[in-house]
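Chemist: let me see the structure of the following:
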Amino acid sequence: TFVLPCYSASFKQIDEKTLLAYDKKYYKYVFIVKNNLLKEAAVILEPQKVLNSIIQKRTTYLNEFISDEKALLNAYLKAVASRNDPHSVFLDAHEKQQWVTHLSKEELSFGFEIEIAENELYKVKEMVPGGAAWNSKQIEVGDFIEQIELESGKKYLVGIDSDHDFYEIFLSKENKTLTFYLSKPDGSKVKTRLTKGKVEVFDNVINGYVFQKDKEKLGYIDLPSFYSAAPPYGGNGCASDLAREILQLKKDSIDGLIIDLRGNGGGYMHEALSIAGLFIDEGVLALKQEKGDKPRYLKDPNRGTVYDGKLIILVNSYSASASELLAGTLQQYNRAIIVGNKTFGKATMQVFLPIDSVAEIKGLNDYYVNVTMGKFYMVNKKSHQAYGIQPDISLPSMHDYLKVESELSSLYYLKPDSVVKTVELNIMPKMELTRIKQLSEARVKAGHWTTTFKALADSVNYYHCNPRPVVLNQSTLFIWEDARDKYMKTQEQSKSIEFIPYPIVNTSLYNRFLKDHEMYTKPNEFKKTELKKDVRLYETLNILSDYIHQP
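Modeler: Here you go, the predicted model:
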């Protein structure tokens with residue numbers, strides 16, 4: 001019998017005998033589950049043979065790791081950095097570049113994304129319209145990558161068990177051109193040479209949509225991250241892009257606007273401040289304090305507003321950092337209704353510093369540290385650090401029943417506090433939300449949300465979190481896997497339901513864009529289909545409708 005641990009369980013020191021006994025059972029469990037020994041044709045090996053096989057693999061991996069001085073130093077320095085607080089991180093040049101790209105609108109890319117397939121090869125997961133792979137007309141979603149060739153002529157076999165890091169080769173800025181050897185699902189082979197080109201980071205593309213509910217036009221914009229215009233890619237930051245979309249939605253005569261910050265883990269603070277300034281005329285938006293310094297104002301960088309209509313900010317427990325700065329500021333100015341779940345609780349600020357500043361100037365620095373250098377505070381001079389922003393109107397979610405990660409659950413998180421400083425504000429009148437809350441609560445109750453989410457969350461907790469015994473024999477694991485399959489099927493079925501019954505349309509400008517760029521039509525239709533399946537967005541649209549009609 002093996003007791004599955006919770007993924008967020010805390011660990012304590014145990015004696016070597018207990019640890020070895022645990023490892024033995026764990027190795028057997030992994031071997032049985034990961035090697036598909038639950039299939040009827042599978043052969044159940046002897047426990048000792050299973051144990052020896054896995055120990056050999058683990059020992060080989062460990063020996064390779066400890067013999068790699070660079071990897072060992074990297075792991076050690078990461079541990080040292082994270083001991084100070086959860087967000088101080090040691091990074092090599094490759095990791096730092098990935099970080100910067102994630103918070104950029106554009107990147108240099110081969111134009112497709114990859115995932116690990118069941119056969120342990122890398123598979124083309126998604127194509128970027130207009131990218132190198134798309135333009136080659138040789139690569140398609142579902143193709144398997146078997147081999148890659150560098151410009152030097154050196155070839156590498158591709159697979160998760162390969163003795164090199166395929167992701168590092170694939171993403172490295174040094175490898176601007178690669179030759180890919182692929183196999184199609186039908187078994188045919190193709191060879192193509194691709195050179196990285198500048199493409200949009202698709203996850204950071206901001207598009208506005210209009211939900212046509214009866215005679216109402218409800219605007220919606222998903223803001224995935226607070227990206228900025230970073231060299232060498234150029235372009236606009238997210239504040240400029242968001243302002244452009246809001247202006248287009250205003251031209252289409254929207255009656256209200258939802259900005260979706262769910263899953264937005266943050267980014268550049270100056271972009272968040274600029275976005276807050278789109279809805280607030282002028283003044284102090286927040287405060288910051290760095291170690292050894294006095295509290296300082298964070299002011300609206302631009303006078304005037306872009307949008308002064310009805311506004312809702314949609315958040316969840318993964319809305320963090322700059323997302324919380326934006327939501328908290330608009331909440332305290334009574335400028336927007338915050339809807340969703342309590343946010344992550346990160347009110348700290350970080351800055352990238354090169355380990356070797358002289359080498360950085362010469363472009364030769366290989367290591368960086370993203371170090372915490374201060375906290376930011378709301379205009380009430382209090383910090384939401386560790387405890388997050390509380391929404392004005394809460395919506396039920398699976399997160400209510402799951403042990404989800406938060407700042408408060410992190411080791412070494414910084415404690416919340418407040419600052420002393422005079423702040424003059426021109427806050428809008430407090431909104432009356434009693435009736436809007438009551439209407440929302442009635443709809444949620446009638447829709448049986450709580451029961452549905454709790455049932456799904458109970459299943460997730462059962463399989464991923466709650467410690468429970470699993471008897472390591474074939475018949476017991478058959479039962480366990482059958483129950484898991486039923487849960488996965490239920491989860492997939494829940495994702496197929498379209499909750500939003502009314503049409504979703506693009507802005508007039510984007511429709512004109514699509515006429516000249518047909519390659520974006522399919523991703524656009526997929527996005528609109530996924531939006532219709534979003535039950536929390538559906539209720540938020542109803543809340544916005546109630547807000548519009550409130551006297």
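Chemist: you'd agree Cys110 is up against Phe170?
Modeler: Actually, residue 110 is Phe. It isn't Cys. Yes: applying Cβ atoms under 8 Å as the test, Phe110 and Phe170 come out as touching, 7.5 Å apart. For glycine as for every other residue, the C-beta is placed from the backbone atoms N, C-alpha and C.
Chemist: now do the shared contacts for these two.
Modeler: The contact sets of Phe110 and Phe170 overlap at Leu178 (Cβ atoms under 8 Å, 6 or more residues apart in numbering).
Chemist: tell me which of those two has more neighbours.
Modeler: Neighbours around Phe110 and Phe170, counted as other Cβ atoms under 10 Å, are more numerous at Phe110. The numbers are 24 against 18.
Chemist: what residues does the more buried one make contact with?
Modeler: Neighbour list for Phe110: 131-133, 170, 178, 194, 196 [criterion: Cβ under 8 Å, 6+ apart].
Chemist: can I get these in a markdown table with distance to Val369 and secondary structure?
Modeler: Below are these laid out as a markdown table (distance: Cβ to Cβ, whole Å; DSSP: H, G, I helix; E, B strand; the rest coil):
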| residue | distance to Val369 | secondary structure |
| --- | --- | --- |
| Gly131 | 33 | coil |
| Ala132 | 33 | helix |
| Ala133 | 35 | helix |
| Phe170 | 25 | helix |
| Leu178 | 31 | strand |
| Leu194 | 34 | strand |
| Lys196 | 28 | coil |
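Chemist: which residue in those residues has the weakest pLDDT?
Modeler: In terms of pLDDT, the lowest of the contacts of Phe110 is Phe170, showing 83.
Chemist: wait, it sits on Ile114?
Modeler: Yes: using Cβ under 8 Å, Phe170 is in contact with Ile114, at 7.0 Å.
Chemist: which of the contacts of Phe110 ranks first by neighbour count?
Modeler: Ala133 (25 neighbours).
Chemist: wait, that one sits on Met127?
Modeler: Yes: using Cβ under 8 Å, Ala133 makes contact with Met127 at a distance of 5.8 Å.
Chemist: joint contacts of these two?
Modeler: Residues touching both Ala133 and Met127 comprise 111-112, 139, with contact defined as Cβ under 8 Å, 6+ apart.
Chemist: narrow those to those in strands?
Modeler: In strands, judged by DSSP state E, the following of the shared contacts of Ala133 and Met127 are found: Phe112.
Chemist: quick one, which of the shared contacts of Ala133 and Met127 are buried?
Modeler: Among these, those classed as buried by 16 or more other Cβ atoms under 10 Å are 111-112, 139.
Chemist: out of those, which is nearest to Lys78?
Modeler: Distance to Lys78, by Cβ to Cβ, is smallest for Phe112 among these, at 29.5 Å.
Chemist: tell me where the stretch 401-550 of the chain has helices.
Modeler: 434-446, 449-464, 474-495, 508-516, 521-532, 535-549 (DSSP state H, counting those that start in this stretch).
Chemist: and those helices, which one is worst for confidence?
Modeler: When the helices of the stretch 401-550 of the chain are compared by mean pLDDT, helix 449-464 comes last with a mean of 62.
Chemist: so for the residue lying closest to Glu151 once chain neighbours are set aside, what's the pLDDT?
Modeler: Excluding the flanking residues, the one nearest Glu151 by Cβ to Cβ, 6 or more residues apart in numbering is Thr177, at 5.4 Å. For Thr177, the model assigns a pLDDT of 94.
Chemist: beta partners of Thr177?
Modeler: Judged by DSSP bridges, the bridge partners of Thr177 are Thr195.
Chemist: so it touches Ile169, yeah?
Modeler: No: Thr177 is not in contact with Ile169 according to Cβ under 8 Å; the separation is 12.0 Å.
Chemist: what's the closest non-adjacent residue to Val535?
Modeler: Per Cβ to Cβ, 6+ apart, closest to Val535 is Phe499, 4.7 Å.
Chemist: that neighbour against Leu531, yeah?
Modeler: No: taking contacts as Cβ under 8 Å, Phe499 lies outside contact range of Leu531: 9.8 Å.
Chemist: the two: which has the busier surroundings?
Modeler: It is Leu531, of Phe499 and Leu531, that has more neighbours when counted by other Cβ under 10 Å, with 19 against 15.
Chemist: tell me who's in contact with the more buried one.
Modeler: Contact partners of Leu531, counting by Cβ under 8 Å, 6+ apart, are 209, 220, 500, 504, 537.
Chemist: that's a helix at Arg58, yeah?
Modeler: Yes: counting by DSSP: H, G, I helix; E, B strand; the rest coil, Arg58 is located in a helix.
Chemist: what is the burial count for it?
Modeler: Residues lying near Arg58 (other Cβ under 10 Å) number 13.
Chemist: which ones are touching it?
Modeler: Counting by Cβ under 8 Å, 6+ apart, Arg58 has no contacts.
Chemist: also Met428?
Modeler: Contacts for Met428 (Cβ under 8 Å, 6+ apart) come out as 333-335.
Chemist: how about 10 Å then?
Modeler: By Cβ atoms under 10 Å, 6 or more residues apart in numbering, the contact set of Met428 is 280, 333-336.
Chemist: same list, the residues you listed, but as CSV with distance to Ile393 please.
Modeler: Below are the contacts of Met428 laid out as CSV (distance: Cβ to Cβ, whole Å):
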residue, distance to Ile393
Ile280, 21
Tyr333, 17
Asn334, 14
Arg335, 15
Ala336, 11
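Chemist: from these, which would you call buried?
Modeler: 280, 333, 335-336.
Chemist: including secondary structure, distance to Gly265 and pLDDT, could these go into TSV?
Modeler: Converted to TSV, those look like this (DSSP: H, G, I helix; E, B strand; the rest coil; distance: Cβ to Cβ, whole Å; pLDDT from 0 to 100):
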residue	secondary structure	distance to Gly265	pLDDT
Ile280	coil	23	96
Tyr333	coil	23	97
Arg335	coil	23	98
Ala336	coil	20	98
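Chemist: tell me which of the residues you listed is nearest to Tyr156?
Modeler: Ala336 (50.7 Å).
Chemist: quick one: the closest one and Asp308 touch, right?
Modeler: No: contact criterion Cβ atoms under 10 Å: Ala336 and Asp308 do not qualify, at 11.4 Å.
Chemist: the lengthiest strand in the chain - what's its average pLDDT?
Modeler: Assignment by DSSP E gives strand 367-377 as the longest strand of the chain. Mean pLDDT, strand 367-377: 93.
Chemist: in that strand, what's buried?
Modeler: So, applying 16+ other Cβ under 10 Å, buried residues of strand 367-377: 367-372, 374-377.
Chemist: state the helix or strand in which the residue positioned nearest the centre of the chain lies.
Modeler: For the chain, Gly263 is the residue whose C-alpha lies nearest the centre (Cα atoms, centre = their mean; 5.3 Å). Assessed by DSSP states H and E, Gly263 sits outside every helix and strand.
Chemist: the closest residue to it other than its chain neighbours: neighbour count?
Modeler: Nearest non-adjacent residue to Gly263, counting by Cβ to Cβ, 6+ apart: Tyr318, 4.9 Å away. Neighbour count for Tyr318, taken as other Cβ under 10 Å: 18.
Chemist: then Gly292?
Modeler: Around Gly292 there are 6 other residues, counting by other Cβ under 10 Å.
Chemist: now Gln331: how far from Gly345?
Modeler: For Gln331, the distance to Gly345 equals 15 Å [Cβ to Cβ, to the nearest Å].
Chemist: which ones are touching the residue nearest to the centre of the chain?
Modeler: Counting by Cβ under 10 Å, 6+ apart, Gly263 makes contact with 203, 222, 224-225, 315-320, 323.
Chemist: now for the nearest residue to Lys250 once chain neighbours are set aside, how many residues are close by?
Modeler: Excluding the flanking residues, the one nearest Lys250 by Cβ to Cβ, 6+ apart is Tyr307, at 6.7 Å. When neighbours are counted by other Cβ under 10 Å, Tyr307 registers 18.
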